[in-house]
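In: task: produce atomic coordinates for the following.
(one chain, ligands or ions: 1)
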Amino acid sequence: MTSWERIEQLLGKDALDHLSRQTVAVVGLGSGGGFVAESLAMSGVGGFVLIDDDVLEAGNVVRHVGDLRDVGRPKVDVVADLIRARNPGARVTTVRGRIEDHLDALAGVSLVVVGVDGEQAKYLINRLCLAQGLTAVYAGVYERGEGGDVVVINPSDPASPCYACWADDLRDGIQDPGANELDYGMIGPEGTLEAEPGLWLHVVRVAAAQADLALNELLRGREAYRRMPANTVILANRPLEIFDGRVTPPYGAEWVEIARDPDCLECGQRDRLSEQAAEDNVSLEQLLSDSGIVYEDEDTENGDR
Ligand SMILES: [Zn+2]
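Out: You can find the predicted model right below:
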């Protein structure tokens, strides 16, 4: 029996009861996603849908919650066992495969944690979340783990960007002469964040912020909810010139509010899709193809970071 006494002291009984009834989907169980899943289980979240198509390899062990005892096992099973070892009462559903092949895996969850690196997979998750009105928390780790960013995308907030407008602004936003002047453009030719791996301890610093923001979103509307300074946090592990001409020191963080792009092709259709998704007799796959939102099945890396 897990003792939740200390979590209850921190968050209160009401919040803990609420968290135990929530179900979080974690898409991608690499170093970041695996850490977030286990951390949320340790914080009282009671339900999980784990989605990943990889098995744990020996080379992953220096950057994963699984260890040498788990090599050769699907990461969904590794992380499911870790969750149950912390909370035997947790409800865990495992989906061995890529989100591209399991479009309805997010149905009915409370929140989505995005632990994949591939930008194409992130855009697909963005579409699924917009269609279902699901809040999603995305994280990206920069080259060699020098830093990373986390954003909360909340489709029920009309001012919130979707992941597409957010990525467009943050990742390519160097041209913007305003406050959001950022000094990096790390999308590689594959549309993936350049993933020279960082040390585990640098990756999980970003993942800890992702887990904390996910937990906070689950508590939205309750006393334990904390209002955050903006929708995006950028963390430095090394001195990082996040804003032009100003170096953020190691362990420093900058909060940035990224606005919705009214001309965004993705979230422009948000309202129509949400209405349709409410109709139970329409499958999401059908909905997406009817909407002309067809996912191009290119070879994307859905892997860990
Ligand atoms: Zn958008």
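
In: residue 213 belongs to a helix?
Out: Yes - Residue 213: assigned to a helix according to DSSP: H, G, I helix; E, B strand; the rest coil.

In: what is the burial count for it?
Out: If you count neighbours by other CB atoms under 10 Å, residue 213 ends up with 23. (Glycine included, C-beta is placed from N, CA and C.)

In: what's the answer for residue 267, then?
Out: Counted by other CB under 10 Å, the residues lying close to residue 267 total 25.

In: roughly how far apart are it and residue 133?
Out: Going from residue 267 to residue 133 by CB to CB, to the nearest Å gives 12 Å.

In: same check on residue 206?
Out: Using CB to CB, residue 206 is found at 26 Å from residue 133.

In: more crowded one of those two?
Out: More crowded of residue 206 and residue 133, by other CB under 10 Å: residue 206, with 28 against 14.

In: ranges for the strands of the stretch 1-150 of the chain?
Out: Along the stretch 1-150 of the chain, the stretches classed as strands by DSSP state E, counting those that start in this stretch are 23-27, 47-52, 91-96, 111-114, 136-141, 147-153.

In: what angle do whichever helix or strand comes after the longest one and strand 136-141 make?
Out: Okay, so that is strand 147-153. Counting by DSSP states H and E, the element after strand 147-153 in chain order, helix or strand, is helix 163-171. Orientation check (axes from the mean of the first three to the mean of the last three CA atoms, to 10 degrees): helix 163-171 against strand 136-141 gives 30 degrees.

In: now for helix 163-171, which elements pack on it?
Out: Under the contact criterion of 3 or more CB pairs under 8 Å, 6 or more residues apart in numbering; DSSP states H and E, helix 163-171 touches helix 119-132, strand 136-141, strand 147-153.

In: spell out which residues of the stretch 101-250 of the chain are next to the ion.
Out: For the stretch 101-250 of the chain, the contact set with the ion under CB under 5 Å from the ion comprises 162, 164-165.

In: let me have these in a markdown table, extended by pLDDT, distance to residue 50 and neighbour count.
Out: Shown next, in a markdown table, are these (pLDDT from 0 to 100; distance: CB to CB, whole Å; neighbours: other CB atoms under 10 Å):
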| residue | pLDDT | distance to residue 50 | neighbour count |
| --- | --- | --- | --- |
| 162 | 96 | 24 | 25 |
| 164 | 95 | 25 | 21 |
| 165 | 92 | 28 | 23 |
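
In: what is the mean pLDDT for the helix or strand hosting residue 202?
Out: Assigned by DSSP H and E, residue 202 belongs to helix 200-218. Confidence for helix 200-218, expressed as mean pLDDT, is 97.

In: give the buried residues for it.
Out: Across helix 200-218, burial judged by 16 or more other CB atoms under 10 Å covers 200, 202-218.

In: that one - contacts with which helices or strands?
Out: For helix 200-218, the elements it packs on are helix 13-21, helix 31-42, strand 111-114, strand 136-141, strand 147-153, strand 232-236, judged by 3+ CB pairs under 8 Å, 6+ apart.

In: quick check: which ranges of the stretch 51-200 of the chain have low pLDDT?
Out: By pLDDT under 70, the weakly predicted segments of the stretch 51-200 of the chain are 171-196.

In: will you turn the strands of the stretch 1-150 of the chain into CSV that also has mean neighbour count?
Out: Shown next, in CSV, are those (neighbours: other CB atoms under 10 Å):
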stretch, mean neighbour count
strand 23-27, 26
strand 47-52, 26
strand 91-96, 17
strand 111-114, 27
strand 136-141, 26
strand 147-153, 26
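
In: what's the spacing between the nearest residue to residue 113 once chain neighbours are set aside and residue 50?
Out: If the residues on either side of it in the chain are set aside, residue 113 comes closest to residue 26, at 4.6 Å by CB to CB, 6 or more residues apart in numbering. As judged by CB to CB, residue 26 and residue 50 stand 6 Å apart.

In: how about residue 118?
Out: Using CB to CB, residue 118 is found at 18 Å from residue 50.

In: so residue 268: helix, strand or coil?
Out: Classification of residue 268 by three-state DSSP places it in helix.

In: not counting residues beside it along the chain, what's closest to it?
Out: Of all residues not flanking residue 268 in the chain, residue 262 sits nearest, at 7.9 Å (CB to CB, 6+ apart).
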